[in-house]
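Novice: let me see the structure of the following:
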Amino acid sequence: MAHAWTLKSRPSGTPTHDNFALVDIATPPVEAGMVRIANRWLSVDPYMRGRMNDVKSYTPPFALGEAMQGGAVGEIVESAADGFAVGDMVLHMAGWREEAVLPASQVQKLPPLGVDPQAFLGQLGMPGMTAYFGLLEVASAKAGDVVFVSAAAGAVGSTLVQIAKAKGMTVIASAGGADKCAWVASLGADHVIDYKEDGSLVKKLMAAAPNGIDVYFDNVGGDHLDAALAVANERARFAICGMIDVYNSGAATQLRYAARIIGARIRIQGFIVSDYMARAAEFYADMGGMLAAGQLTREETIHDGLASMPDAFLGLFSGGNKGKMLVRV
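Specialist: Modelled structure (predicted):
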């Protein structure tokens, strides 16, 4: 028997430990074309909060009482699939558990980029791809642009800061608290706003970007999105990645400056990283070049043991992570 986390009940507002249950699960035998994986690293991500609601969305909700899912890196311990050998490190989506048996078609070998395996759950995984394609494709960002990014101390935001600087952009970042702001500045951000400090976020952004912003990458929504609208230049491009401000409250975002969308011809586009998975090779090639050039660094907040999964997940909503939040099994 292996252990896995299930959703015991659907949360109302911010989840609590009572919404989760750690249970025994039986894993099937390894048949032709399948592999058995011992998970080594597990990911928690803000989008998982949406999957806890029983609503129609771009990804199905978690089923009550069944093993939850999420990004994971593991080691193959049994293989009946061509091209996969015992000892191979792989990426897959059967997280929140110790062990998984999967068809080889649902498993990806880690690219040979010379980094720690867990990097493929963060900077070189889904969060990194989100930052990369959201900035360069969705927002059409280019050298010389002034880019504003919220939640810049998170896995997506911290990677975006570094990509933008590597591509010749000016970066204004927002993070919460002196320690996180100092870290984001060390990544190369030209200006860092501490949104937890007293004062108007609009005025802080105006001071940091006296000539306006060309791109806004939104991880937060709420006041950050409103401030970006207030300071946006004509034909600014907004890539809407997430709105963690409202994931638990469900409250509507109040946008006092929404009318500027019209006069400034602001382009606002939401996106899902899965739209770009077919271009993963392009992402790995470009990011590999940045790694080789010393333009990328990463930070991880690590919880140890499968039992710590709910703590790690809940920490995403209380500012408990710097960089990527991970669980080491």
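Novice: for burial, what's the neighbour tally of the nearest residue to Ala189 once chain neighbours are set aside?
Specialist: In space, and not counting its chain neighbours, Ala189 is closest to Ala173: 4.1 Å by C-beta to C-beta, 6 or more residues apart in numbering. Glycine gets a C-beta too; all of them are placed from N, C-alpha and C. Ala173 sits with 29 neighbouring residues when counted by other C-beta atoms under 10 Å.
Novice: regarding Ala173, what is its secondary structure?
Specialist: Three-state assignment for Ala173 (DSSP: H, G, I helix; E, B strand; the rest coil): strand.
Novice: thought Val149 was touching it, still the case?
Specialist: Yes: at 5.3 Å, Ala173 counts as touching Val149 under the criterion of C-beta atoms under 8 Å.
Novice: so what's in contact with these two at the same time?
Specialist: Residues touching both Ala173 and Val149 (C-beta atoms under 8 Å, 6 or more residues apart in numbering): Gly157, Val161.
Novice: what distance do you get for Ala293 to Leu225?
Specialist: 33 Å (C-beta to C-beta, to the nearest Å).
Novice: look at the two and report which has more neighbours.
Specialist: Set Ala293 next to Leu225 and count neighbours by other C-beta under 10 Å: Leu225 wins out with 23 against 9.
Novice: any idea what Leu326 is bridged to?
Specialist: In this entry, Leu326 is beta-bridged to Ser43, Ile302, by DSSP bridges.
Novice: report pLDDT for it.
Specialist: If you check Leu326, the pLDDT there is 98.
Novice: number of residues surrounding it?
Specialist: 22.
Novice: helix, strand or coil: sort out the nearest residue to Gly134 once chain neighbours are set aside for me.
Specialist: Computed as C-beta to C-beta, 6+ apart, the closest residue to Gly134 that is not its neighbour in sequence is Ala239, at 4.3 Å. Under three-state DSSP, the three-state class of Ala239 is strand.
Novice: how many other residues sit next to Ala239?
Specialist: Neighbourhood size, Ala239 [other C-beta under 10 Å]: 28.
Novice: list the contacts for it?
Specialist: Gly134, Leu135, Val138, Ala139, Val215, Tyr216, Phe217, Asp218, Gln269, Phe271.
Novice: restricted to buried residues, select those in PyMOL.
Specialist: To isolate the buried ones among the contacts of Ala239 in PyMOL, judged by 16 or more other C-beta atoms under 10 Å, type:
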select buried, resi 134+135+138+139+215+216+217+218+271
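Novice: in strands, which of the contacts of Ala239 fall?
Specialist: When the contacts of Ala239 are checked against strands (DSSP state E), the matches are Val215, Tyr216, Phe217, Asp218, Gln269.
Novice: now tabulate those residues in CSV and tack on pLDDT.
Specialist: Converted to CSV, those look like this (pLDDT from 0 to 100):
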residue, pLDDT
Val215, 98
Tyr216, 98
Phe217, 98
Asp218, 97
Gln269, 98
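Novice: ok, so of these, who is nearest Pro310?
Specialist: Using C-beta to C-beta, Asp218 comes nearest to Pro310 of the ones in strands among the contacts of Ala239, at 26.7 Å.
Novice: which SSE is the residue nearest the centre of the chain in?
Specialist: Central residue of the chain (C-alpha atoms, centre = their mean): Pro127, 3.7 Å from the mean position. According to DSSP states H and E, Pro127 maps onto helix 126-133.
Novice: who does that helix touch, helix- and strand-wise?
Specialist: Counting contacts by 3 or more C-beta pairs under 8 Å, 6 or more residues apart in numbering; DSSP states H and E, helix 126-133 is packed against helix 155-166, helix 280-292.
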